[in-house]
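Participant: Need the 3D shape of this:
(one chain, ligands or ions: 2)
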Amino acid sequence: MMYVESTWNQISEELKKGNFKRVYVMGNTDCGKTTLCQYLIRELSKEKTSALIDCDPGQSTLGLPTTLNAALFYPEDEKPAKIISRFIGDTSPHRKLMQALLSVHRLLDKVNEECEAVVIDSSGYSSGNSAAEFQAAMIELIQPDAVVLIEREQELEPFASQIECFKNITIRRILVSEHVKARSMPMRKEYREEKYRDYFKEAKLQVVDISPMSLCGSVPVRFTVQSVRGRLIAFCDHEKFLIKLAVARSLYENDKICVCLVPEFDSKEAAFLQFGDLFLTNDFKEEHPLRAQ
Ligand SMILES: Nc1ncnc2c1ncn2[C@@H]1O[C@H](COP(=O)(O)OP(=O)(O)OP(=O)(O)O)[C@@H](O)[C@H]1O
Ligand SMILES: [Mg+2]
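Facilitator: Ligands and ions are numbered 1, 2, ... in the order given. I've put the predicted structure just below:
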């Protein structure tokens, strides 16, 4: 059950009044970012067409692991009217900084056309120099009216002092709820693997004609058993939004066909075949053979 902290209401009121149109929620791992965002979007979508952007490719709530997602809500509807996805090819933004930033940019662009306010949930990638640089770039890209920093002590002070230098960004610093439950790495991995199992349970091995598609992402130099079998790949539309995620079996460059495990879809809609860096075993356990080399 969600315990609504007293500090949350003020933020949702600002969103409802239109004082905030874009709110970015930041904090370290397990500090209640996603729960706060769910509360904000629930309140906001009672009155306004609004969107939630989920920037976490690991513990994704809107979509599959390795993807970043946006959900569009119309007033009164409990469920999102639609969810759009971008494949980044890995479960952590730190290995895919460029794809993560680009994807958030594209998702924002898409929902902007339709909605009055956006709540953006960050991944927990926020400690260390690279993370700080990444989050700073994310803030510049998003250009939020408000950034919510969820802290245990004052650990986000470096971000606060940076954000203060931007004009027109309001900072709200709130404390981590005592109701937050930390999740271990094995729990997080199990969460992802459960999502893969569920997604691929109706999937069949299919031979897909890839001749009209452009290959992109982490395209292997050669299509060998080692570089292809088990690799997560994505069929994407003309704007590189995800149509279907698949697990590759083999790819024949000359014949322009890809054999893969994929749920039913119309391959004619796909313009891009994007390669990820993650591999799945036959029982949908994650493997990172490229990094192990
Ligand atoms: N206010 C709350 N009331 C009840 N449960 C909460 C509350 N805040 C967080 N939790 C629980 O704590 C856990 C972690 O919260 P949440 O997923 O929101 O954190 P997070 O910061 O988004 O984590 P991550 O770093 O993985 O993205 C979840 O199981 C969530 O249900
Ligand atoms: Mg989260």
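Participant: Return the residues of this protein in contact with ligand 1.
Facilitator: Neighbours of ligand 1 within the chain, by C-beta under 6 Å from any ligand atom: 2-3, 5, 27, 29-35, 56, 59, 124, 177, 179-181. Quick note: C-beta positions are derived from backbone N, CA and C, even for glycine.
Participant: can you tell me which residues contact the closest residue to Glu202 other than its chain neighbours?
Facilitator: Of all residues not flanking Glu202 in the chain, Pro263 sits nearest, at 5.7 Å (C-beta to C-beta, 6 or more residues apart in numbering). Listed by C-beta atoms under 8 Å, 6 or more residues apart in numbering, the contact set of Pro263 reads 199-200, 202-204, 244.
Participant: Check Val247 too.
Facilitator: Applying C-beta under 8 Å, 6+ apart to Val247 gives the contacts 200, 203, 230-233, 260-262, 280.
Participant: So what's the gap between stretch 273-285 and the chain middle?
Facilitator: The gap between where stretch 273-285 is centred and where its chain is centred comes out at 17 Å by C-alpha atoms, centre = their mean, to the nearest Å.
Participant: can you tell me which of the contacts of Pro263 lies nearest to ligand 1?
Facilitator: Nearest to ligand 1 out of the contacts of Pro263 is Tyr199 (C-beta to the nearest ligand atom; 19.6 Å).
Participant: What separation do you get for the closest one and Pro65?
Facilitator: Separation of Tyr199 from Pro65 (C-beta to C-beta, to the nearest Å): 9 Å.
Participant: same check, this time on Ile120
Facilitator: Noted for Ile120: a distance of 19 Å to Pro65, by C-beta to C-beta.
Participant: swap in Cys258?
Facilitator: From Cys258 to Pro65 the distance is 21 Å (C-beta to C-beta).
Participant: Not counting sequence-adjacent ones, nearest residue to whatever residue of the stretch 101-250 of the chain ends up closest to ligand 1?
Facilitator: Scanning the stretch 101-250 of the chain for the residue nearest ligand 1 gives Gly124, at 3.1 Å (criterion: C-beta to the nearest ligand atom). Residue nearest to Gly124 in three dimensions, not counting chain neighbours: Thr29, with 3.4 Å by C-beta to C-beta, 6+ apart.
Participant: All set, thanks.
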